[in-house]
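Engineer: Give me the fold of what follows.
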Amino acid sequence: MAEGKPYAGRVTNPEAETHHAEEPDRAAEPGRTDGPGRAEELGRAEGAGRAEEPGTQRLEQAVRAAEQALIEFEIAVETFRVEVENFSRLHHQRLGPMYARLDDLEARIAEAVAARTGDPEDVRRAREARAMVQPLPGIEELFGGWLDSDGFSPEAVAMLTEKSVRPPERIRPSDEARRAYRELVRKAHPDLAPDEADRLRREEFIVRVNAAYADGDKALLLELAEEWAAGPVPEERLPSRAEELYARLEWLAQRKELLAQLAAELEGSAIGAMIKMAPDDPDRLLEEIAEGLAAQVAEREAHLATLVG
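Structural biologist: Just a heads-up that it's a prediction; the model follows:
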């Protein structure tokens, strides 16, 4: 077997392997002679092994192409997931108070109308509108600061999710962070592991890479890139048997299906649909929404002034 090509001389036909294994005994049979017929027989057996090798190589190339395609797809899904999550957090932080102000104005307008008309239906609407903006009584004390009227407190969320209390500065991390993230995932993705031990090492590393990208931490991503470059050099992946390659292709197809479902859920969500409206600059979209809400607040304030003035 030639060095550098562990399977170069492998005969994948079981009958051919058995045939070669029996050679010493058959050569010793009385009256046996090795002639042209014997040479042709050996040639056919060796040719059978070589004939299967190109097919196995094509199958391996197909697996590697599918792996690379899956990695690129996973990068796209993860980067979009980060944008959806960041947009959601910033939407709540920046626009939440404006939505609350609108709800309060609607309640005050309903109360002003009810005070003018005295109509029982107007009074009912006013009570319902006020109930929508009043916090649940005593919930902060009940849960010791872990839960308030808006749900878990920022500190509680940070402890449960291991995310910083500080919201992200932008929906989409910087171009430098995105480039560093993509390069790291392409080099360290677990699907490129030659064995189980290396897969575990890569999985743990990718968790750290994803967390750094979610925080938009370019400096940490660069540190992780240096750490990976200084780590052990993965061994060259050996050619797989045809059965293993087929199983690998099946797993890759299943993984892609799961990612496609996740991508569809992200794109179908309210935040995902909003980001798709401005794929080039989602931060500007958030600013436009804020401007629209500010105009609505001003209009409702003016309307309230005419009712109570």
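
Engineer: just the strands in the stretch 1-150 of the chain please.
Structural biologist: 147-148 (DSSP state E, counting those that start in this stretch).

Engineer: low-scoring pLDDT stretches of it, where are they?
Structural biologist: Where the stretch 1-150 of the chain drops to pLDDT under 70, the residues are 1-55, 134-150.

Engineer: any residues touching stretch 181-196, and which ones?
Structural biologist: Applying Cβ atoms under 8 Å, 6 or more residues apart in numbering, the contact partners of stretch 181-196 are 67, 70-71, 74-75, 78-79, 173, 199, 201-203, 205-206, 209, 212-213, 221, 224-225, 228, 234-238, 252. No exception for glycine: its C-beta is placed from N, CA and C like everyone else's.

Engineer: List the buried residues for it?
Structural biologist: In terms of neighbour count (16 or more other Cβ atoms under 10 Å), stretch 181-196 has its buried residues at 181-182, 184-185, 188-193.

Engineer: what sits against residue 113?
Structural biologist: Applying Cβ under 8 Å, 6+ apart, we find residue 113 in contact with 122, 125-126, 307.

Engineer: among the contacts of stretch 181-196, which ones are buried?
Structural biologist: For these, a burial check counting by 16+ other Cβ under 10 Å picks out 67, 70-71, 74-75, 78-79, 173, 201-202, 205-206, 209, 212-213, 221, 224-225, 228, 252.

Engineer: Return the subset of the residues you listed lying in helices.
Structural biologist: Assigned to helices by DSSP state H, the following of these qualify: 67, 70-71, 74-75, 78-79, 201-202, 205-206, 209, 212-213, 221, 224-225, 228, 252.

Engineer: quick revisit: could you pick out which of the contacts of residue 113 are located in helices?
Structural biologist: Filtering the contacts of residue 113 for helices - DSSP H - leaves 122, 125-126, 307.

Engineer: Out of those residues, which two are the most distant from each other?
Structural biologist: Farthest-apart pair in the ones in helices among the contacts of residue 113 is 125 and 307; separation 14.0 Å (Cβ to Cβ).

Engineer: of the two, who's got more company?
Structural biologist: It is residue 125, of residue 125 and residue 307, that has more neighbours when counted by other Cβ atoms under 10 Å, with 17 against 14.

Engineer: quick one: contacts for that one?
Structural biologist: Here residue 125 is in contact with 110, 113-114 (Cβ under 8 Å, 6+ apart).
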